[in-house]
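Trainee: Fold the following and give me the result.
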Amino acid sequence: MNRRLFVLFAIAFVLLFSFASAETIFERTFAEMGYESVVVSTPKTEKCSDFSVVFPQEQLSDEKAFAVVSINAEFLPVLSDDANISVSFNGSLLAAADSTSLYCPTSCFLRLDIDGRKILSENSLRVCVRSSDSTPKAVISNDSKIGVYYAPRFRGENFVKSTAKGSYVLGETAKVSVSLTNSGSESAFVELKRIRPVAKQAKDYKTFDVLDGESEWKGFINAGETKTISYSVKPTEALTMTLPPAIAYYKNGFGDEISVVSNAPTFSVREPEKKLSSIVVISDSRVSLDESAKLDVLVKNNGSDALYGLSFALDLPEGIEVVSGDRESVISFLAPGESKKFSFKLSSQKTGSFAVGCTLGFSDSNSSESCEPNSVEFTDSGLSPAIVIGIVLLLAGAGVYFYLKREG
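Mentor: This is a model prediction of the structure:
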């Protein structure tokens, strides 16, 4: 029972605090300032209204506070691309948006930040609304408001996606970082994703593989705090590519569900300089069938770039078997000037001279190189010349010994 209560309490806590709330310092509706709603009732008609706004100066001097215009609009009978609103402050356009781009849970809202540097002792706010054939009626309600608040703030310029460097060679892993800063004055619960869902169909999405790391995150970002997630991608083609932007979802101080999109970083991927040398070194080029031939294969990167994901395969003729060593291997990384050695023992079921070589493959470009082969000879399992000589010397020594013993 206690556990159930704890789970229910935890769920209630998340639901209660999963969105940010704005603390109001100053707020006035258009109606409270003495203005009527802006109404258009005929198709393809635009109407504008000008408002005079005075902010309390002592509240605007608070660097943690933000001025916001909240436009409450209605478009009937349907939303359309050519029915729109525009808002200007002190002669500068704050936003122009068609009705389909507004946040419309019931009625439509448009939240606009006002740059504190543009606020004067007396200010002018101009709002315009335009109807269309399919949306003949459009209204900016005098329930719209302007105010000063403590609230979370996530802006595009504070949402940065970047790579560790601007150029990579094919096969190299690229580290990607996504940083989101809350430049506001209140905390907010944020869902951070490395890529917008719609971007998964983009061409560039298919030119890299996501390897590891933290590509998604959920949690609170406090005022002034920056959250960074990092993950790794591996490009699969040599080209200049643009990573899809990251996206963050949160509820602003007014309860609106908001998304903010990061930049889309670009970096280049090129083919590496493929300059390999390889040699097959055989310890004893002539062994008997009951012995193993020992050999080493040395692979060296003579190029100026690191090589990634090289495949190695020992090339053997029919009848030759590997006693020890891996016939196929992967060289995950080979730095410029670095060498890699592979050691083997080989056996044969028949006599003869056999050429042993290798193949080096570049996994990201489907190309390969062959190393210079070397030969090993397998002889009959009878007495080898070395053993025969040893026996002869042994018998000769024994003959001398017995001769001296008899003479003595």
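Trainee: so where do the helices sit in the stretch 51-200 of the chain?
Mentor: Using DSSP state H, counting those that start in this stretch, the helices of the stretch 51-200 of the chain run over 57-60.
Trainee: give me the low-pLDDT residue ranges for it?
Mentor: Counting by pLDDT under 70, the ranges of the stretch 51-200 of the chain that qualify are 59-61, 198-200.
Trainee: Swap in 90 and give it another go.
Mentor: 55-66, 101-109, 111, 113-121, 150-151, 155-156, 171, 184-185, 195-200 (pLDDT under 90).
Trainee: Tell me where it has strands.
Mentor: Secondary structure of the stretch 51-200 of the chain (DSSP state E, counting those that start in this stretch): strands at 66-76, 84-89, 92-98, 108-114, 123-130, 137-140, 145-150, 159-163, 167-169, 174-181, 188-193.
Trainee: One more: the stretch 251-400 of the chain?
Mentor: With strands called from DSSP E, counting those that start in this stretch, the stretch 251-400 of the chain shows them at 257-261, 266-270, 276-282, 286-288, 293-301, 307-315, 320-324, 328-334, 339-348, 352-362, 367-370, 374-379.
Trainee: Take the ones you listed and lay them out in TSV including distance to Cys108, mean pLDDT and mean neighbour count.
Mentor: Any C-beta I mention is one placed from the backbone N, CA and C, and that applies to glycine too. Below are those laid out as TSV (distance: least, Cβ to Cβ, whole Å; pLDDT from 0 to 100; neighbours: other Cβ atoms under 10 Å):
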stretch	distance to Cys108	mean pLDDT	mean neighbour count
strand 257-261	14	91	15
strand 266-270	35	94	16
strand 276-282	64	94	16
strand 286-288	87	94	17
strand 293-301	62	96	20
strand 307-315	52	94	19
strand 320-324	73	95	14
strand 328-334	55	94	14
strand 339-348	65	96	17
strand 352-362	56	94	17
strand 367-370	58	88	13
strand 374-379	79	95	18
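Trainee: Out of the strands of the stretch 51-200 of the chain, which is closest to Asp284?
Mentor: Closest to Asp284 of these, according to Cβ to Cβ: strand 167-169, at 40.0 Å.
Trainee: what comes up buried for the closest one?
Mentor: Using 16 or more other Cβ atoms under 10 Å as the burial criterion, the residues of strand 167-169 that qualify are 168-169.
Trainee: Contacts for it next, please.
Mentor: Contacts to strand 167-169, defined as Cβ atoms under 8 Å, 6 or more residues apart in numbering, come from residues 174, 235, 267-272, 305-306, 308.
Trainee: can you rerun that using 10 Å?
Mentor: The contact list for strand 167-169 (Cβ atoms under 10 Å, 6 or more residues apart in numbering) reads 174, 233-235, 238, 240-241, 267-273, 303, 305-308, 364.
Trainee: circling back to that earlier point, would you mind giving the strands of the stretch 251-400 of the chain as a markdown table with distance to Asn84 added?
Mentor: Listed next are those as a markdown table, based on distance: least, Cβ to Cβ, whole Å:
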| stretch | distance to Asn84 |
| --- | --- |
| strand 257-261 | 20 |
| strand 266-270 | 32 |
| strand 276-282 | 62 |
| strand 286-288 | 87 |
| strand 293-301 | 60 |
| strand 307-315 | 51 |
| strand 320-324 | 74 |
| strand 328-334 | 55 |
| strand 339-348 | 65 |
| strand 352-362 | 54 |
| strand 367-370 | 55 |
| strand 374-379 | 78 |
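Trainee: follow-up on the earlier one: which of the strands of the stretch 51-200 of the chain sits most buried?
Mentor: Comparing the strands of the stretch 51-200 of the chain by mean neighbour count (mean count of other Cβ atoms under 10 Å), strand 137-140 comes out on top with a mean of 23.
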